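Trainee: Here's a sequence, model it:
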Amino acid sequence: MRRKLAALALCLVLVFQMAPVPSEAAGSVYFTAVNKNVLSLSDETMPFWSGGYLYVPSTIFTGVGRDLGVSYYPNIGRGTILLYVDDTIYSSLVFDVNKDYAIDNEGNMYFQKAIQRGNVIFLPISLIARCFGLLYSTVEVDRGYLVWVRNTDMDLEERYFADAAKSRMNYEYNQYLQNQSAGAEEPDREPSEPAVVTGQRIYLGMEASDAAQTRSLLDTLDRYGSQAAFYCTADFLETEGDLLRRMAATGQAIGLLADADGDRSVTEQLEEGNRLLFQAASVKTRLVWLENATAEAVAEAEAAGFCCLTPDLDRAAYPLSSTGAADTLLQRVTSRSGAVTVWLGDGTNAAGLGTFLAAVEAADSNCLAMTETAS
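Mentor: Predicted coordinates for the structure are as follows:
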């Protein structure tokens, strides 16, 4: 009997020596689920606790996370994240990794900050759930915990969902271990050199008055990783909160459009425009395009603290709506040296802009967001 026990013990020792030890390698992990979907498990996006708050990756609002009904727009250059409820201007949060608080569309401050780890920005789920009417739970499961973020219509008990998701969590855990093993076998690589911005700097300004047209232009700019300035009419500022928040979060410049021949003074128009912009996107601007501008109107706007656009090229009379127009604009731009500001008016469409941006990219030049010093 003793020999059998000794043999069994020896076999067990050999088995443990030969088998991998995933529990020790991975430790306790945090799985993440959104509504009915268990997300991929990785160290880069794993939830964690900080300052008494549970943090989840902001990327849960992409992909299947869109089912939560909360739109997500990051601005990596500025280190900001904008979250808002679709089709409304009354529920939004802006996080800035450089600040210790978040701010909503009404200007309320919440001292729960965003945290950046590597290339991922993490957000406090308790604040987000409270502001957008979501539910979240932390459930103890095999190998760790499950963070479950969901809409209120997910009528299922936490433990039932965790049990139902067990096989999927096992799969994600095994994939996680395999990825860790593969990563450990890869040799160290030299860090890549940062990209160098070359070529000409081009600042495009255009009118934002039609929602469908503006949306297609934003899609085109996103496709090419470019920026421009959108000078918005009062009607646009009042009705298109979604597009304004998208502009603010994706690094587009936002300006105000005023008419010097309007019924109200230039200052009144601009102050009302900034009020509507702040209500929609929690930002204000000093960039202005004045129609029917006079020296007196420009002086009035500047005295009120605004910066009027005086473009190097005024192309409003030549719509950027075809390949030929794009080629002509490129010739006009490249005939100048240094940075160039261009006013396009309201005649630009996605086809013309896309052709122009492709040519700019091929020339190693850059379309950038307008600034107060480049206007």
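
Trainee: Output the below-cut-off pLDDT ranges for the protein.
Mentor: Counting by pLDDT under 70, the chain has low-confidence residues at 1-27, 63-66, 76-77, 86-90, 183-198, 373-375.

Trainee: Please report how far P319 lies from F230.
Mentor: Distance of P319 to F230, computed by C-beta to C-beta, to the nearest Å: 16 Å. C-beta here means a position set from N, CA and C on the backbone, and glycine is covered the same way.

Trainee: which of those two has more neighbours?
Mentor: Using other C-beta atoms under 10 Å, the more surrounded residue of P319 and F230 is F230, with 27 against 15.

Trainee: For the residue nearest to the more buried one when sequence neighbours are not counted, give its distance to F306.
Mentor: Counting by C-beta to C-beta, 6 or more residues apart in numbering, A208 is the residue found nearest to F230 once chain neighbours are left out, at 4.0 Å. To F306, A208 is 17 Å away according to C-beta to C-beta.

Trainee: next one: I60
Mentor: Taken as C-beta to C-beta, the span from I60 to F306 is 39 Å.

Trainee: elements contacting the top helix by length along the chain?
Mentor: Longest helix in the chain, counting residues (DSSP state H): helix 166-185. Under the contact criterion of 3 or more C-beta pairs under 8 Å, 6 or more residues apart in numbering; DSSP states H and E, helix 166-185 touches helix 22-26, strand 29-34, strand 37-38.

Trainee: Distance of T239 relative to A326?
Mentor: 30 Å.

Trainee: who's more crowded, those two?
Mentor: A326 (22 against 15).

Trainee: Quick check: buried residues in the helix or strand containing that one?
Mentor: Here A326 sits within helix 323-334, counting by DSSP states H and E. Within helix 323-334, the residues that count as buried by 16 or more other C-beta atoms under 10 Å are A325, A326, L329, L330, V333, T334.

Trainee: Among the residues you listed, which pair sits farthest apart?
Mentor: Across those, the longest distance by C-beta to C-beta is 15.0 Å; it joins A325 and T334.

Trainee: Test my guess that S50 contacts A114.
Mentor: No. Using C-beta atoms under 8 Å, S50 is not in contact with A114; the gap is 10.8 Å.

Trainee: of these two, who's got more company?
Mentor: A114 (23 against 12).

Trainee: Tell me which residues touch the more buried one, please.
Mentor: Contacts for A114 (C-beta atoms under 8 Å, 6 or more residues apart in numbering) come out as S58, I81, F95, D96, V97, A102, I121, F122, L123.

Trainee: hang on, P311 packs against T341?
Mentor: Yes. P311 is within contact range of T341, at 4.6 Å (criterion: C-beta under 8 Å).

Trainee: shared neighbours of these two, anything?
Mentor: G205.

Trainee: and the gap between Y160 and V139?
Mentor: 10 Å.

Trainee: so which of the buried residues of helix 323-334 comes closest to D153?
Mentor: Closest approach between those and D153, by C-beta to C-beta: A326, at 47.3 Å.

Trainee: Spit out the contact partners of the closest one.
Mentor: Applying C-beta under 8 Å, 6+ apart to A326 gives the contacts L320, G352, L353, T355, F356, A359.

Trainee: out of those, which are inside helices?
Mentor: Those of the contacts of A326 lying in helices (DSSP H): G352, L353, T355, F356, A359.

Trainee: would you turn those residues into TSV with distance to L221?
Mentor: Compiled in TSV, the ones in helices among the contacts of A326 are given as follows (distance: C-beta to C-beta, whole Å):
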residue	distance to L221
G352	13
L353	7
T355	13
F356	11
A359	15
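
Trainee: Closest to L243 out of those residues?
Mentor: Among the ones in helices among the contacts of A326, and counting by C-beta to C-beta, the member closest to L243 is L353, at 15.8 Å.

Trainee: what about the closest residue to that closest one other than its chain neighbours, how many residues close to it?
Mentor: Computed as C-beta to C-beta, 6+ apart, the closest residue to L353 that is not its neighbour in sequence is T220, at 5.0 Å. Per other C-beta under 10 Å, the neighbour tally for T220 reads 22.

Trainee: Run through the residues that contact T220.
Mentor: A350, L353, G354, L357 are the contacts of T220 under C-beta under 8 Å, 6+ apart.

Trainee: Check the gap between it and R143 for me.
Mentor: Relative to R143, T220 is positioned 45 Å away (C-beta to C-beta).

Trainee: Ok, L244 next?
Mentor: From L244 across to R143, the span is 44 Å (C-beta to C-beta).

Trainee: Show the contacting residues for E140.
Mentor: L146.

Trainee: mind listing what's buried in whichever strand or helix holds it?
Mentor: Using DSSP H and E, E140 maps to strand 135-141. By neighbour count on 16+ other C-beta under 10 Å, the buried set for strand 135-141 is Y136, S137, V139, V141.

Trainee: And those, which is closest to T267?
Mentor: Once C-beta to C-beta is applied, the member of the buried residues of strand 135-141 that ends up nearest T267 is Y136, at 46.2 Å.

Trainee: Assess the claim that that closest one and V149 are in contact.
Mentor: Yes. Contact status for Y136 versus V149: in contact at 4.7 Å, counting by C-beta under 8 Å.

Trainee: Show the contacting residues for M370.
Mentor: By C-beta under 8 Å, 6+ apart, the residues touching M370 are Y203, L204, G205, A228, A229, A253, G255, L287, L309, T341.
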